[in-house]
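Model the structure of this input:
(2 chains)
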Number of protein chains: 2
Amino acid sequence: MNYKIAVLGTGNVATHLVPALEHAGHTVTEVYGRDLLSASKVCDKVYVAEAKDDLDFSESEAKLFILAVSDSAISEIADEIILPEGSILVHTSGTVPLSILGYSSASYTGILYPLQTFSKGREIDFDDVPFLVESEDQETLQHLKKVAKSLSDQVYVVKSKDRLALHVAAVFASNFTNHMLRLSEEIMGRQGLDFEMLKPLIIESISKSLEIGAKRAQTGPAIRGDYNTLDNHFQFLNYNEQVAEIYRLISQDIIDVN
Amino acid sequence: MNYKIAVLGTGNVATHLVPALEHAGHTVTEVYGRDLLSASKVCDKVYVAEAKDDLDFSESEAKLFILAVSDSAISEIADEIILPEGSILVHTSGTVPLSILGYSSASYTGILYPLQTFSKGREIDFDDVPFLVESEDQETLQHLKKVAKSLSDQVYVVKSKDRLALHVAAVFASNFTNHMLRLSEEIMGRQGLDFEMLKPLIIESISKSLEIGAKRAQTGPAIRGDYNTLDNHFQFLNYNEQVAEIYRLISQDIIDVN
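Got it, this is the predicted structure:
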């Protein structure tokens, strides 16, 4: 089933989503941006789509309106947008509650959250992007599942109460792993060592962890109970108290859970 | 140049290294294990190699002796092994100092450290494994570089004073990223959520981080300065004080360094 869809936003998610929607057989009717030129640039990625910088969608043919803007902009646009009767308004955030759309002129509301990190200039294969859908209206939920399944093989219905847990887990899995790499880069850099030499280890460690599970994949001084090495490392890091404390605390947690 | 090499050890490193050495054109003369059966199993991976469970190598034809055993076993074996005149003894550890081999009967000593995590049943392509070599003797260093280059495209001469930094960096890059995934798995599991849905995000985050650098790749509530979300997440984690503190401390560090 193909949908007429308007996309609001011109950032990384919108830029990736608009062509993916058309590729999946849907029609992108309009792209909204505060800046008309940015909206036009996103429109250029598909055959027909009107660039708009106003929020009056009363004449739109779209059934589904996807709010792909930053978390802080969602409520303002949701409050101001003028939607046709029977329309569905969704946002794409993993953090913002569904209730934020409650004051909009939409007949139905929901969430269509692509659980992936999008960056300008990096291609994302949507087949591999898990889509998390949510709505209090069963028919709306079916529509969102259809749209999500047209984009991706992995579609999950997630309840509001689970979204916080999911987001916390994503912070550990993505932002915090990245910060561990950042600290590793800095330690190498300080010593004039080439971070390149750690990359094969990183790739193999993560692959192994995803394949056999992080519990079984763990190695290193903490899980070996090698207190001598832990202490040497902690002393080494004394140039940065906070990083030393991060080392101590994560090592302690590895010891405690194993 | 092809070497005659004896390998001491029957663990993951030895098991991967022995066939790789033969594949690179060297001759593995002996494999030592405390347990003769284990040594025989490793020998089975190559054409000719004698399994041994005693440390008398005085009649060995090998020039290079590679001690691929656990850190705690290195010193005992190094002290007991009987080596022929002119032989080079190296260990494969990233943690243990070179000086531990100083009381051995070897004429020359060094380190040949494959910077990778080895596991039973997981194939490792040695081409991609960085080898870190070290020796106080220049001629020995040349031999070790030749052997390492025959196995891998990435060979680095690392000085003793850099090895500690390198190991600390590796702990952050490998053990601690793995623990972040472990904590993420647990948060998902507690909530009955499928950890599978986070895997595409993890793969893309790490790929992006390795490509553009962790500093530029960082996203999430901490770097956005989204204190509201940080506080919600911290409260959510109150069932485990230590994990909540890990969340707080890493978030603080992300804020501080950016």
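
quick one: the strands in the stretch 1-150 of chain A?
Using DSSP state E, counting those that start in this stretch, the strands assigned to the stretch 1-150 of chain A run over residues A:4-8, A:27-32, A:50-52, A:64-67, A:88-91, A:108-114, A:131-134.

Could you list every helix and strand that the shortest one packs against?
Contacting strand A:50-52 under the criterion 3 or more CB pairs under 8 Å, 6 or more residues apart in numbering or on different chains; DSSP states H and E are the following elements: strand A:27-32, helix A:36-43. Any C-beta I mention is one placed from the backbone N, CA and C, and that applies to glycine too.

Show residues contacting that strand.
A:29-33, A:36, A:39-40, A:42-43 (CB atoms under 8 Å, 6 or more residues apart in numbering or on different chains).

Direction included, what does it pair up with?
Strand pairing for strand A:50-52, determined by DSSP bridges: strand A:27-32 (parallel).

rewinding a little: so which two of the contacts of strand A:50-52 are the farthest from each other?
A:T29 and A:L36 (16.2 Å; CB to CB).

Report the distance from the helix or strand bottoming out on mean pLDDT in chain A to the chain centre.
One helix or strand of chain A scores below all others by mean pLDDT, DSSP states H and E: helix A:160-170, with a mean of 91. Taking CA atoms, centre = their mean, to the nearest Å, the mean C-alpha location of helix A:160-170 is offset from the chain mean by 12 Å.

follow-up on the earlier one: filter the contacts of strand A:50-52 down to the buried ones.
Buried by 16 or more other CB atoms under 10 Å in any protein chain shown: A:29-33, A:39-40, A:42-43, out of these.

List just the nearest of these to A:S251.
Taking CB to CB as the measure, A:S251 sits nearest to A:V42 out of the buried ones among the contacts of strand A:50-52, at 46.3 Å.

okay, and for chain A, where does confidence drop off?
Under the criterion pLDDT under 70, no range of chain A is flagged.

quick one: the helices in it?
For chain A, applying DSSP state H gives helices covering A:12-23, A:36-43, A:71-80, A:138-151, A:160-170, A:177-190, A:199-212, A:214-217, A:221-224, A:227-236, A:241-257.

Just to check, A:R190 is in contact with B:A165?
Yes. Using CB atoms under 8 Å, A:R190 is in contact with B:A165, at 7.2 Å.

and those two? which has more neighbours close in?
B:A165 (20 against 12; other CB atoms under 10 Å in any protein chain shown).

Contact partners for the more buried one?
Contacts for B:A165 were tallied using CB under 8 Å, 6+ apart; they are A:187-188, A:190-191, A:193, A:236.

For stretch A:59-67, output the C-alpha coordinates as PDB.
The C-alpha coordinates for stretch A:59-67 follow below in PDB (Å, rounded to 0.1, in the frame of the first residue of the first chain):
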ATOM      1  CA  GLU A  59      -4.900  21.700   1.300                       C
ATOM      2  CA  SER A  60      -2.400  18.900   1.400                       C
ATOM      3  CA  GLU A  61      -3.200  15.500  -0.100                       C
ATOM      4  CA  ALA A  62      -0.900  13.800   2.400                       C
ATOM      5  CA  LYS A  63      -2.400  11.300   4.800                       C
ATOM      6  CA  LEU A  64       0.700  10.900   6.900                       C
ATOM      7  CA  PHE A  65       2.800  13.900   8.200                       C
ATOM      8  CA  ILE A  66       6.300  13.000   9.500                       C
ATOM      9  CA  LEU A  67       7.900  15.500  11.900                       C
END
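
now what about it, what contacts it?
The contact list for stretch A:59-67 (CB under 8 Å, 6+ apart) reads A:3-9, A:17, A:29-30, A:57, A:74, A:77-78, A:81, A:83-84, A:86-92, A:101, A:106, A:112, A:143, A:147.

Whichever of these end up buried, select them in ChimeraX.
Those of these that count as buried under 16+ other CB under 10 Å are selected in ChimeraX with:
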select /A:3,5,6,7,8,9,17,29,30,57,74,77,78,81,83,84,87,88,89,90,91,92,101,106,112,143,147
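
so how far is A:V42 from A:E80?
A:E80 sits 20 Å away from A:V42, taking CB to CB, to the nearest Å as the criterion.

ok, now A:I88?
Distance from A:I88 to A:V42, by CB to CB: 20 Å.

Kindly report the same for A:A173.
29 Å.

Likewise for A:F176?
In terms of CB to CB, A:F176 sits 32 Å off from A:V42.

Contact partners for A:T10?
So A:T10 contacts A:31, A:33, A:35, A:38-39, A:41-42 (CB under 8 Å, 6+ apart).

Now flag whichever of those is closest to A:G220.
A:V42 (45.3 Å).

roughly how far is stretch A:20-31 from the heart of the chain?
Distance, centroid of stretch A:20-31 to centroid of chain: 20 Å (CA atoms, centre = their mean).

do stretch A:244-258 as well
Averaging C-alpha positions (CA atoms, centre = their mean) puts stretch A:244-258 28 Å from its chain's average.

just to revisit the earlier point, list the buried residues for the least confident helix or strand of chain A?
The neighbour-count criterion (16+ other CB under 10 Å) identifies A:162-170 as the buried residues of helix A:160-170.

Can you lay out the residues you listed as TSV showing distance to A:G225?
TSV is the format used below for these (distance: CB to CB, whole Å):
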residue	distance to A:G225
A:D162	36
A:R163	38
A:L164	34
A:A165	31
A:L166	33
A:H167	33
A:V168	29
A:A169	28
A:A170	31
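
Around chain B, pick out the residues from the stretch 1-150 of chain A.
Residues of the stretch 1-150 of chain A found near chain B (CB under 8 Å from any CB of the partner chain) are A:71, A:95, A:115-117, A:119, A:122, A:124, A:128-130, A:132.

Selecting buried members of the residues you listed in ChimeraX, what would you type?
Buried residues within the residues of the stretch 1-150 of chain A next to chain B, by 16+ other CB under 10 Å, are selected in ChimeraX with:
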select /A:71,95,115,116,117,119,124,129,130,132
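
Show me which pair in the residues of the stretch 1-150 of chain A next to chain B is furthest apart.
Across the residues of the stretch 1-150 of chain A next to chain B (CB to CB), the longest gap, 23.8 Å, separates A:D71 and A:D128.

for whatever residue of the stretch 1-150 of chain A ends up closest to chain B, what are its contacts?
Closest approach between the stretch 1-150 of chain A and chain B, counting by CB to the nearest CB: A:P130, at 4.3 Å. With contact taken as CB under 8 Å, 6+ apart, A:P130 is in contact with A:114-116, A:152, A:154-156, B:196-198, B:200-201.

thinking again about what came up before, can you tell me which of the helices of chain A is packed in deepest?
Comparing those by mean neighbour count (mean count of other CB atoms under 10 Å in any protein chain shown), helix A:177-190 comes out on top with a mean of 23.

Which strands or helices does it pack on?
Here helix A:177-190 touches helix B:160-170, helix B:177-190, helix B:199-212, helix B:214-217, helix B:241-257, going by 3+ CB pairs under 8 Å, 6+ apart.

still on that earlier bit, now, among the contacts of A:P130, which is nearest to A:L183?
Using CB to CB, the contacts of A:P130 come closest to A:L183 at B:L201, 20.5 Å.

In contact with the closest one: list those residues for me.
A:115-117, A:130, A:170, A:173-174.
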